[in-house]
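> this one's structure only:
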């Protein structure tokens, strides 16, 4: 019943959706990382461990799943020879090194401006 | 109603809050001071309210202090490296500024 009512009022639904979009958690970096799924990245953790792998998935908290991983840097840090895939909690990430040619800087800058505007509302 | 305000939402050019200052630095080179004695210099491509950032052409400087056990001398060392494109998680960021100019 609720659904049927909404269909008859398309303008109201769109307004609600747009309002929700600016109220719910802004998604710039989540969307950005989603666009990089399948690319190779290097995740540097706050404990100084650097992990190279293919970006498999990401979530709203910027938790990261990597596949086919290897430890970069001199392997003085835990050898994870038998580990192929890993889940990394977003909060332990310091940096993510990205392939420069996969990044559209112009698009990013425009999206950042829009997101900044949304946050102010 | 809030929906009315949302419709007339142009990009305001007035600087009202600190995050607006960062907005002015998009596509400019900036200096970022981070926790654990790290500094970054790079071109700002994106940021959000958590100060997560995407920087391009980055130079990271890590500064360490070695103390001589006998003389108690402090020896400051810094290690630099370059990274073409970097995502920086906001919880490590301490300060954001235009690049420091010497003299």
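Great, that's in hand. None of these values were measured; they are calculated from a predicted model. Residues are numbered from 1 along each chain as shown, chains lettered A, B, ... in the order given.

> where does residue B:75 fall, phi/psi-wise?
phi -110, psi 110 (degrees, to the nearest 10).

> now it, nearest residue through space, not along the chain?
Nearest non-adjacent residue to residue B:75, counting by CB to CB, 6 or more residues apart in numbering or on different chains: residue B:66, 4.4 Å away. The C-beta positions use only the backbone N, C-alpha and C, and glycine is treated the same way.

> ok, and that neighbour, which helix or strand is that part of?
Taking DSSP states H and E as the definition, residue B:66 sits inside strand B:53-67.

> residues of that strand that come out buried?
The neighbour-count check on strand B:53-67 (16 or more other CB atoms under 10 Å in any protein chain shown) flags B:53, B:54, B:55, B:56, B:58, B:60 as buried.

> Looks like the fifth one contacts residue B:41 (just checking).
Yes. Because the distance of 6.9 Å satisfies CB atoms under 8 Å, residue B:58 is recorded as touching residue B:41.

> Can you lay out the buried residues of strand B:53-67 as JSON lines showing distance to residue A:79 and pLDDT?
Listed next are the buried residues of strand B:53-67 as JSON lines, based on distance: CB to CB, whole Å; pLDDT from 0 to 100:
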{"residue": "B:53", "distance to residue A:79": "32", "pLDDT": "97"}
{"residue": "B:54", "distance to residue A:79": "31", "pLDDT": "97"}
{"residue": "B:55", "distance to residue A:79": "30", "pLDDT": "97"}
{"residue": "B:56", "distance to residue A:79": "32", "pLDDT": "97"}
{"residue": "B:58", "distance to residue A:79": "28", "pLDDT": "97"}
{"residue": "B:60", "distance to residue A:79": "25", "pLDDT": "97"}
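
> Which ones among those residues also lie next to chain A?
Among the buried residues of strand B:53-67, the residues within reach of chain A (CB under 8 Å from any CB of the partner chain) are B:54, B:56.

> Farthest pair within the buried residues of strand B:53-67?
B:54 and B:60 (14.4 Å; CB to CB).

> Helices of chain A, start to end?
A:2-7, A:10-23, A:28-34, A:105-120 (DSSP state H).

> Report the secondary structure state of the residue nearest the centre of chain B.
For chain B, the residue sitting closest to the mean C-alpha position, by CA atoms, centre = their mean, is residue B:32 at 2.8 Å. Using DSSP: H, G, I helix; E, B strand; the rest coil, the structure places residue B:32 in strand.

> So which residues on chain A come close to chain B?
Taking CB under 8 Å from any CB as the test, the list of chain A residues beside chain B reads A:15, A:18-19, A:22, A:26, A:28-29, A:32-33, A:46, A:62, A:90-91, A:93-100, A:103, A:105, A:108-109, A:111-117, A:119-121.

> Separate out the buried members of those residues.
For these, buried by 16+ other CB under 10 Å: A:15, A:19, A:22, A:26, A:28-29, A:32-33, A:62, A:90, A:93-98, A:103, A:105, A:108-109, A:111-112, A:115-117.

> which stretches of chain B form strands?
Here chain B has its strands, by DSSP state E, at B:29-34, B:38-47, B:53-67, B:74-88, B:93-97.

> Mind checking these for the one nearest to residue A:51?
Closest among those, once you apply CB to CB, is strand B:74-88, at 14.0 Å.

> For the closest one, which strands pair with it and how are they oriented?
According to DSSP bridges, strand B:74-88 forms sheet pairs with strand A:93-97 (antiparallel), strand B:53-67 (antiparallel).

> Hmm, the residue nearest to residue B:75 is touching residue B:78, no?
No. Judged on CB under 8 Å, residue B:66 makes no contact with residue B:78 at a distance of 11.7 Å.
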